[in-house]
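Undergrad: Provide a 3D model corresponding to the input given below.
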Amino acid sequence: MKKLIVTLIASFTLVAAARADNATAGANVTLNGTFFTDPGPWSLGTNAAPNDLVNGVYQPDGQQWTFNSVWWNGFSNPANSIVIALTGSFLITDLKIQADNNDWYQVEYYGADSAWHNAWNVFAPNGGGVATSSSIVGAPFATNAFRLTATTAGDFYYSVTQFEATGQKLGKNVPGVPEGGLTVALLGAALGLLGITRRFIRG
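TA: I've put the predicted structure just below:
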């Protein structure tokens, strides 16, 4: 019986692993508004290219907010946004961001109804430099794009150094249908359940 339980757990572990795609890998990032102007009392630092926000390279937490980041002055450019177009549709389960840690940010996703929906309100921990925050999505959602904006909380000097979303890549042809890797994992789980059922029937 123990061996059967282990088999079942292993099968579902395969399912969980198959879902862990980096949804933002290879995404295209667009900056809307005016960026990299007037850092206030801070030095200019080094500007990041838009697509650097999804390259998987995180800066040391506590680093100055204008170094290797996409940054903007919220006093003069309050409507700035960052749009991240994914390479396909994904069922998102986890979100992660590294941003200036004395500001608040809003993460939205693009829905099937062609509208933006709130996915995560990032409440920065306050302190110096940038900080990394993560969130497990309460109800996974399907999307092919994200939008990042800053809220009115904080000091109005905003920056983002990295954004990452994790989830299950959906089928290219039929919305909501997993690609081959997940299908194989699901088959493995089903076979595990079948094995348990047959053992119980035989006694």
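Undergrad: which helices and strands does the helix or strand where Trp72 lies pack with?
TA: Element membership for Trp72, per DSSP states H and E: strand 67-73. When contacts are defined as 3 or more Cβ pairs under 8 Å, 6 or more residues apart in numbering; DSSP states H and E, strand 67-73 sits against strand 46-47, strand 81-100, strand 157-169. The C-beta positions use only the backbone N, C-alpha and C, and glycine is treated the same way.
Undergrad: can you rerun that using 6 Å?
TA: If you count contacts as 3 or more Cβ pairs under 6 Å, 6 or more residues apart in numbering; DSSP states H and E, strand 67-73 packs onto strand 157-169.
Undergrad: quick one: average pLDDT of the strand it packs on?
TA: For strand 157-169, mean pLDDT is 97.
Undergrad: Who does that strand pair with, and is each partner parallel or antiparallel?
TA: Strand 157-169 pairs in its sheet with strand 21-22 (antiparallel), strand 67-73 (antiparallel), strand 81-100 (antiparallel), by DSSP bridges.
Undergrad: Tell me the gap between it and the middle of its chain.
TA: In terms of Cα atoms, centre = their mean, to the nearest Å, the centre of strand 157-169 is found 5 Å from the chain centre.
Undergrad: and the strands paired with strand 157-169, which is most packed in?
TA: strand 67-73 (a mean of 24; mean count of other Cβ atoms under 10 Å).
Undergrad: Gln59 and Val160 touch, don't they?
TA: No. Counting by Cβ atoms under 6 Å, Gln59 stays clear of Val160, with 10.6 Å between them.
Undergrad: Of the two, give the one with the bigger neighbour count.
TA: Using other Cβ atoms under 10 Å as the criterion, Gln59 and Val160 rank with Val160 on top: 24 against 18.
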